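>>> Quick one, fold the following:
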Amino acid sequence: MAPYEALYGRKCRSPIHWYETGEKQIAAPDFIETTTEAVKKIRERMETAQSRQKSYADKRRRPLEFQVGEAVFLKVAPMKGVMRFGKKGKLNSSHVLDHEPIEVHEDLTYEEKSVQILDRKEKTLRNKVIPLVKVLWRNHRIEEATWEREDEMREKYPSLF
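From the prediction side, this is the model:
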């Protein structure tokens, strides 16, 4: 019995059989009963197979726990040998995680604090010039420094100027 026929109780009507016309007979009750039994049997077997596969997968699955200072390999995109931004290969120093304690609030947020101003520039638009500063944040590397508006930084962090 085909899967479509087992699920829907009739053969798949493909365009090949559309030319067959005529009176249709209502299926007999015994045919409907045997079909529903076959569908139940198929579903039970599928559930059994799925639970068996799940039990195999669950035996191999384990929770990952790491301690501070452990060396861990990360799975990254398959870019072996591709030169990107001057770094070659998958495992380079950019994937090493540094652990530093962070003060986390009750709502699981933390406050970024600026450490140093690295650079200045002016962004020129059509009608105005916006002064920008490149800010190094605590718990971040120099590569992660961001450009911020100078007036906002003077307001929030006057100690930097």
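
>>> and residue 147, which of the three is it?
strand (DSSP: H, G, I helix; E, B strand; the rest coil).

>>> Report the separation between it and residue 121.
Counting by C-beta to C-beta, to the nearest Å, the gap from residue 147 to residue 121 is 8 Å. The C-beta positions use only the backbone N, C-alpha and C, and glycine is treated the same way.

>>> Please apply the same query to residue 28.
Taking C-beta to C-beta, one finds residue 28 at 84 Å from residue 121.

>>> Comparing those two, which residue is more hemmed in?
residue 121 (12 against 9; other C-beta atoms under 10 Å).

>>> thought the more buried one was touching residue 130?
No: the criterion here is C-beta atoms under 8 Å, and residue 121 misses it with residue 130 at 9.6 Å.

>>> quick one: contacts for residue 105?
residue 111 (C-beta atoms under 8 Å, 6 or more residues apart in numbering).

>>> is it fair to say it lies in a helix?
No: residue state for residue 105 (three-state DSSP) corresponds to coil; a helix is not indicated.

>>> shouldn't residue 117 be in contact with residue 137?
No: using C-beta under 8 Å, residue 117 is not in contact with residue 137, being 11.2 Å away.

>>> chain center to the lowest-mean-pLDDT helix or strand in the chain: distance?
Every helix and strand of the chain was ranked by mean pLDDT, DSSP states H and E. The lowest is helix 3-8, at a mean of 78. Between the centre of helix 3-8 and the centre of its chain there are 35 Å (C-alpha atoms, centre = their mean, to the nearest Å).

>>> list the buried ones in it?
By neighbour count with 16 or more other C-beta atoms under 10 Å, helix 3-8 contains no buried residues.

>>> packing partners for that helix?
helix 29-60 (3 or more C-beta pairs under 8 Å, 6 or more residues apart in numbering; DSSP states H and E).

>>> what is the mean pLDDT for the helix it packs on?
Per-residue pLDDT over helix 29-60 has a mean of 89.
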